[in-house]
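Asks: Need a 3D model of the following:
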Amino acid sequence: MLRNLRTNRVLWTLLALLALAAALTGVLRPRVYDQVVSTEIIAGVISQDLVTIAASLIMLALALWVKESSMRGQIAILGLAAYLWYGYGIYVIEQVYTVLYLLYMAVFGLSFYTMVYGVASIRPQVLQEVELPRYIRLGSVGFSLLSPLVFYPLWISALLPLMRTGQKLEFLYSVYVLDLCFIMPAFVIVAVQAARARLVGVLLTPAMYILGVMLLFPVGIGELYKPRYGLPVDTGGLGLYLGLSAMFLILAVVYLLSLNVGKDAPGRTHADRDHLPL
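Replies: Next up, the predicted model:
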């Protein structure tokens, strides 16, 4: 799927190793956060580090395993890179000035350029090779637009009182920045491109779903860590975020299994599938 696989593989491996080092340090030595993270959000920070460890190991394994024809594996890596960009974007924007702050910045910057280079490396030949059932493509468009339809009003309604009073948030303002400026527009752009049967939109849709899984799951399991810090569990939030992450995971798996390379995919007629332009 991607040109210059060797260069991409180097970027993936380096990114995974840097993120793994940062997350392992946070989990094994949580006191590194004592001076910069409040008790109210430390459970979420530790849960994000745990998920980052898993994401980094998966990325490292895929970087070593994927071949040039391994389209699903390469799409998964793009989704994981997007998660690392978002996760360490939070640490960088929130000024989490631990001794690892420069490492957070390195992961944040490298993950961005890894994504850009990866998307730019998509082979033009894939245009004639990718096939996807039309109902999967169109169904994914509706679901991709659901996130902006939910989170734009939700986050804007939370920001309006702050704009009226001039109040500044101490923590988690980065979520508004990243979601409203980058993630929600990305969902809209990918959905529009998928609706037009454009290759970039079709290939990036499951990557966005993987990003959704990785962003929502640590928020859910963070609720389970709250009692360790004397905080009550929000059962509603626990169910909501774990349920949404499970939904994104199911959609990502179904989508990737339905995505095929080759004009003669078994069990599918030409009327059932899309041949996708760029």
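Asks: so the nearest residue to Val37 once chain neighbours are set aside is in which element?
Replies: The shortest distance from Val37 to any non-neighbouring residue, by C-beta to C-beta, 6 or more residues apart in numbering, is to Val45 (5.4 Å). No exception for glycine: its C-beta is placed from N, CA and C like everyone else's. In this assignment (DSSP states H and E), Val45 forms part of helix 39-65.
Asks: pLDDT wise, what is the residue nearest to Val37 at?
Replies: You'll see Val45 listed with a pLDDT of 96.
Asks: picking up where we left off before, can you give the distance of the helix or strand following the helix holding Val45 from its chain's centre?
Replies: For helix 39-65, the following helix or strand on the C-terminal side (DSSP H and E) is helix 71-93. Distance of helix 71-93 from the chain centroid (C-alpha atoms, centre = their mean, to the nearest Å) equals 5 Å.
Asks: try stretch 162-169
Replies: Worked out by C-alpha atoms, centre = their mean, stretch 162-169 lies 29 Å from the chain centre.
Asks: gap between the two ends of that stretch?
Replies: 8 Å (C-alpha to C-alpha, to the nearest Å).
Asks: Need the residues that contact that stretch.
Replies: For stretch 162-169, contacts defined as C-beta atoms under 8 Å, 6 or more residues apart in numbering pick out Pro161.
Asks: Gly89 is in contact with Val175, isn't it?
Replies: No. The criterion here is C-beta atoms under 8 Å, and Gly89 misses it with Val175 at 9.7 Å.
Asks: In contact with the nearest residue to Ser121 once chain neighbours are set aside, which residues are there?
Replies: Leaving out its chain neighbours, the residue that sits closest to Ser121 by C-beta to C-beta, 6+ apart is Leu2, at 4.2 Å. Shown in contact with Leu2 (C-beta under 8 Å, 6+ apart): 8, 68, 74, 118, 121-123.
Asks: Report the beta-bridge partners for Leu2.
Replies: Ile122 (DSSP bridges).
Asks: Distance of it relative to Trp65?
Replies: Leu2 sits at a distance of 14 Å from Trp65 (criterion: C-beta to C-beta, to the nearest Å).
Asks: and the biggest helix by length in the chain, how far out from the chain's middle?
Replies: When the chain is parsed with DSSP state H, its longest helix is helix 134-165. How far helix 134-165 lies from its chain's middle: 16 Å, per C-alpha atoms, centre = their mean.
Asks: Check stretch 208-225 too.
Replies: Distance, centroid of stretch 208-225 to centroid of chain: 10 Å (C-alpha atoms, centre = their mean).
Asks: What of stretch 4-12?
Replies: 19 Å.
Asks: what do you get for stretch 69-83?
Replies: 10 Å.
Asks: Would you indicate which residues of that stretch are buried?
Replies: 70-83 (16 or more other C-beta atoms under 10 Å).
Asks: Pro232 should be in a strand, yeah?
Replies: No. Assessed with DSSP: H, G, I helix; E, B strand; the rest coil, Pro232 is coil; it does not lie in a strand.
Asks: Near it, how many residues? Count them for me, please.
Replies: 8 (other C-beta atoms under 10 Å).
Asks: Could you do the one 10 residues further on as well?
Replies: Here the number of neighbours of Leu242 (other C-beta under 10 Å) works out to 17.
Asks: The residue nearest to it when sequence neighbours are not counted: what's it in contact with?
Replies: Leaving aside its sequence neighbours, Leu242 sits nearest to Gly220 (C-beta to C-beta, 6+ apart; 3.8 Å). The contact partners of Gly220, by C-beta under 8 Å, 6+ apart, come to 237-238, 240-242, 245.
Asks: What residues sit buried inside the helix holding Val45?
Replies: In helix 39-65, counting by 16+ other C-beta under 10 Å, buried: 41-53, 55-56, 58-60, 62-63.
Asks: Likewise for stretch 22-33?
Replies: 22-23, 25-26, 32-33.
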